[in-house]
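Peer 1: 3D, please:
(chains A and B)
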Amino acid sequence: MAGTVIGEGLTIEGDISGDEEIVIHGTLRGRLTTTDAVTVAGTAVVGADITGASLSVAGQVTGDVTASERVDVQAGGKLVGDIKAARFTIADGASFKGNVDMEI
Amino acid sequence: MTETSVIGVGTVVSGHVRGQGSLEILGRVEGDVSVTGNVVIGPQGRVRGNVSGAQLSISGHVQGDLRGTQAVLLEPGARVAGDISGPRVGIAPGALARGHVQTDGEPAPAAAARPAAVVARPLSPPVRVAPAPLSPPPQARVEAKPLPQRVEPKAPVPAPLPAPTPVRTEAKAPLPAPKMPPPNRDVRKPEPPRVAPAAPPSAEFTPVRPIKPEPRRPPPPVVPVLSKGTKAKKKKSHD
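Peer 2: Next up, the predicted model:
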């Protein structure tokens, strides 16, 4: 049970911050900051910088991502922005454009 | 599809939230919320902005206007500072509200709101209905009782009504007195004589003809006004 769920059809224009898991099925424009996992579902459209423990992208994300643990772009997912994370995976069929910083 | 969205307890949203579906706010929202579905604001929910939806169920704090197309329900513990409007507005005991409340419009077609509607109904209707039936009876009683009592003993209807004023005017006409200040009396001195002559003769005649109560009527209004009981006593004693 995710702490926060942005349902499909819902649009948030602004900043989201918190300390719990966030699942996005809808639309977000602004900024997203959490200390837990972030999941961008297939129907989601996110135009925001994202900061979290981990990020899983199955929808569309435009913005810079900073994750303390990992970032995964699922098949069908689209991510445009710079990535800073210890682990970063791009699944076959995913789209990605941006710089990657894996803190080597 | 319209699935329920949740803003968790530990989440803060700074910005506008709008769209379709229902929304459950357990955390904080600083901005306007506008959805087509129901909005539930939990006990820990805090909203600083206007909230609109089909049915609003508020248990947390809201600083802003509430607009429900179906209903607005303030649950115990709710704290609202802002205007509330909707076809049905329910404020449960223990809920705090400050602002303008208006119940208007017709509820949008939806069966989902039924259970809540039942809760809201008892709150608003009784308040409206109660005052109407209560007010008429008291007036009717008050008017009915005094009149028959006054009319039966002497039948000088005009006398009892101007009661308070005659005391001040004393010998002069009871009716014009309240409207006209003292200066008028002096100017109208010609008029009082007309009334005065009528009264004294009547008083003189009455002792001779105890059968006629009518001649006495003019004088009573002037003097008896002092108190209701005194009139009856005097008349009884005279009779």
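
Peer 1: in chain A, which residue sits closest to chain B?
Peer 2: A:G14 (1.1 Å; Cβ to the nearest Cβ). To be clear about C-beta, it is placed using only N, CA and C from the backbone, and glycine gets the same treatment.

Peer 1: ignoring the adjacent residues along the chain, who's closest to that residue?
Peer 2: Nearest residue to A:G14, sequence neighbours excluded (Cβ to Cβ, 6 or more residues apart in numbering or on different chains): B:G15, at 1.1 Å.

Peer 1: doesn't A:G30 make contact with that neighbour?
Peer 2: Yes. When contacts are counted by Cβ atoms under 8 Å, B:G15 is listed as touching A:G30 (5.5 Å).

Peer 1: and the residue of chain B found nearest chain A, what does it touch?
Peer 2: The nearest approach of chain B to chain A comes at B:G15, 1.1 Å away (Cβ to the nearest Cβ). Counting by Cβ atoms under 8 Å, 6 or more residues apart in numbering or on different chains, B:G15 makes contact with A:12-16, A:30, B:30-31.

Peer 1: let's see 10 Å
Peer 2: A:11-16, A:28-31, B:29-32, B:49 (Cβ atoms under 10 Å, 6 or more residues apart in numbering or on different chains).

Peer 1: and B:R48, by the same measure?
Peer 2: Contacts of B:R48 (Cβ under 10 Å, 6+ apart): B:14, B:28-32, B:61-64, B:81-82.

Peer 1: nearest to B:V6, of the residues you listed?
Peer 2: B:V29 (11.8 Å; Cβ to Cβ).

Peer 1: could you report the neighbour count for that closest one?
Peer 2: 28 (other Cβ atoms under 10 Å in any protein chain shown).

Peer 1: do the same with A:I16
Peer 2: 27.

Peer 1: next: the one 10 residues further on.
Peer 2: Close neighbours of A:G26, defined as other Cβ under 10 Å, add up to 24.

Peer 1: the closest residue in space to it that isn't next to it in sequence: what's it in contact with?
Peer 2: Leaving aside its sequence neighbours, A:G26 sits nearest to A:L10 (Cβ to Cβ, 6+ apart; 4.0 Å). Each residue near A:L10 by Cβ under 10 Å, 6+ apart is listed here: A:24-28, B:2-5, B:17-23, B:35-37.

Peer 1: and the residue of chain B closest to chain A, what helix or strand is that in?
Peer 2: strand B:11-19 (DSSP states H and E).

Peer 1: so what touches the helix or strand following that strand?
Peer 2: Next along the chain after strand B:11-19, taking DSSP H and E as the criterion, comes strand B:23-25. Applying Cβ under 10 Å, 6+ apart, the external contacts of strand B:23-25 come out as A:4-7, A:10, B:4-9, B:11, B:13, B:17, B:29, B:33-42, B:44-47, B:51, B:53, B:56-60, B:62.

Peer 1: partner strands of the next helix or strand after strand B:23-25, with direction?
Peer 2: Beyond strand B:23-25 in the direction of the C-terminus, DSSP H and E gives the next helix or strand as strand B:28-30. With DSSP bridges as the test, strand B:28-30 is paired with strand B:11-19 (parallel), strand B:46-48 (parallel).

Peer 1: once you drop chain neighbours, what's closest to residue 42?
Peer 2: Here I'm looking at chain A. Using Cβ to Cβ, 6+ apart and skipping the chain neighbours, the partner closest in space to A:G42 is A:A58 (4.4 Å).

Peer 1: nope, chain B please
Peer 2: B:G42's closest residue in space is B:L26 (Cβ to Cβ, 6+ apart), at 4.3 Å.

Peer 1: quick one: low-confidence parts of chain B?
Peer 2: Within chain B, the segments meeting pLDDT under 70 span B:1-2, B:105-239.

Peer 1: thanks again, I'm all set now.
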